[in-house]
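S.K.: Got a sequence here, can you model it:
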Amino acid sequence: MKSIDARNPLLLVAHPGHELLLYGWMLQARPRVCVLTDGSGHHDASRLHATKELLDSVGADAGEIFGRFTDREVYAALLEGRPDAIEALVEEVAEMLVRHRIDAVVADAMEGFNPVHDLCRIIAGAACELAGGTIRCYEYPLHAGPQARTANSIVYELDDATLARKLAAARKMSAAISDIAGMLAEFGEESFRCESFTVAPTWTSPGWPAGERPLYERFGEERVADGRYGSVIRYAEHFQPLLHTLGAKLEQCAS
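M.R.: Reported below is the predicted structural model:
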């Protein structure tokens, strides 16, 4: 099993349940784990208890940011153009990295599938830079499936015993987190044997081909059309101004 270069890592995920995809690595690395939202989505039911049980089972600690926001609150901050809340998070994570002597951060990949996933990786990358620029930031795939990898990926292949433990944890968590059951059905149990990491590109870089729109814009338009959403989060309108503001903040801190 390969290893990323980290003795004291931090895992930063957008929603409860994402950490399951790195079950084998967590058993080995015992990272500090931060979760941006409580995973309540539009149903107002927190899913944090499932994540806390999983962390306890692998010997990983919950970080200072652990379901601090509802999904609605994060969406509102993006839609209303309130970069101050995101700036404060970047500063808090950067301070956390220094205080705990974190030497690597792993975060949700920026795939253009869910805006909160992408925001998670932006916060991770910006915080690493603010903390001095020497902490390496990795990302791992979500939407593309557990088996997704690139030529530069560092891939963990779990042994049979660890895979069995991971699948048992997945079945237990799926009662509270339906996305896990969906991934098992879509990608198959064997795909959960793979856990891959890639050094994250520059934190300001979008994770989709130039000239294309992120998938969350199309999903948002469909949900607005059927009355589930009131507005659509768009990369150009909501993310690019945030990236500009954070970039200016980091330049100011570096000068």
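S.K.: for the protein, which spans come out with low pLDDT?
M.R.: For the chain, the stretches flagged by pLDDT under 70 are 1-3, 42-43.
S.K.: For it, which segments count as strands?
M.R.: 9-13, 32-37, 61-69, 104-108, 136-140, 154-157, 194-199 (DSSP state E).
S.K.: okay, these, which one's buried deepest?
M.R.: Among the strands of the chain, the stretch with the highest mean neighbour count (mean count of other Cβ atoms under 10 Å) is strand 104-108, at a mean of 27. No exception for glycine: its C-beta is placed from N, CA and C like everyone else's.
S.K.: quick one on the thing from earlier: what's the closest of the strands of the chain to Ser46?
M.R.: strand 61-69 (6.5 Å; Cβ to Cβ).
S.K.: Now do that closest one: which elements does it pack against?
M.R.: strand 32-37, helix 48-58, helix 83-99 (3 or more Cβ pairs under 8 Å, 6 or more residues apart in numbering; DSSP states H and E).
S.K.: List of residues touching that strand?
M.R.: 10, 12, 16, 30, 32-39, 46, 48, 51-52, 55, 89, 92-93, 96 (Cβ atoms under 8 Å, 6 or more residues apart in numbering).
S.K.: same check, this time on stretch 204-220
M.R.: 109-115, 118, 121-122, 125, 143, 201, 229, 231-235, 243, 247.
S.K.: List only those of those residues flagged as buried.
M.R.: When those are checked for burial by 16 or more other Cβ atoms under 10 Å, the buried set is 109-115, 118, 121-122, 125, 229, 232-235, 243.
S.K.: Quick check: the gap between His143 and Arg47.
M.R.: 18 Å (Cβ to Cβ, to the nearest Å).
S.K.: ditto for Asp71
M.R.: According to Cβ to Cβ, Asp71 stands 10 Å off from Arg47.
S.K.: any residues in contact with both of those two?
M.R.: With Cβ under 8 Å, 6+ apart as the test, Asp71 and Arg47 both reach His15, Asp38, Gly39, Ser40.
S.K.: Dump these into a markdown table; add distance to Tyr75 and neighbour count as well.
M.R.: Below are the shared contacts of Asp71 and Arg47 laid out as a markdown table (distance: Cβ to Cβ, whole Å; neighbours: other Cβ atoms under 10 Å):
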| residue | distance to Tyr75 | neighbour count |
| --- | --- | --- |
| His15 | 13 | 26 |
| Asp38 | 13 | 22 |
| Gly39 | 13 | 27 |
| Ser40 | 12 | 19 |
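S.K.: Just the closest of these to Lys166, please.
M.R.: His15 (18.2 Å).
S.K.: For that closest one, which non-adjacent residue is closest in space?
M.R.: Once flanking residues are discounted, His15 sits nearest to Gly39: 4.6 Å by Cβ to Cβ, 6 or more residues apart in numbering.
S.K.: cool, Leu167 as well?
M.R.: Nearest one to Leu167, counting by Cβ to Cβ, 6+ apart, is Glu189 at 5.7 Å.
S.K.: Okay, helices next: where are they in this protein?
M.R.: Secondary structure of the chain (DSSP state H): helices located at 23-29, 48-58, 71-79, 83-99, 115-130, 160-173, 178-187, 215-225, 240-254.
S.K.: any chance of those in TSV, plus distance to Thr150?
M.R.: Converted to TSV, the helices of the chain look like this (distance: least, Cβ to Cβ, whole Å):
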stretch	distance to Thr150
helix 23-29	17
helix 48-58	26
helix 71-79	28
helix 83-99	25
helix 115-130	15
helix 160-173	22
helix 178-187	17
helix 215-225	19
helix 240-254	23
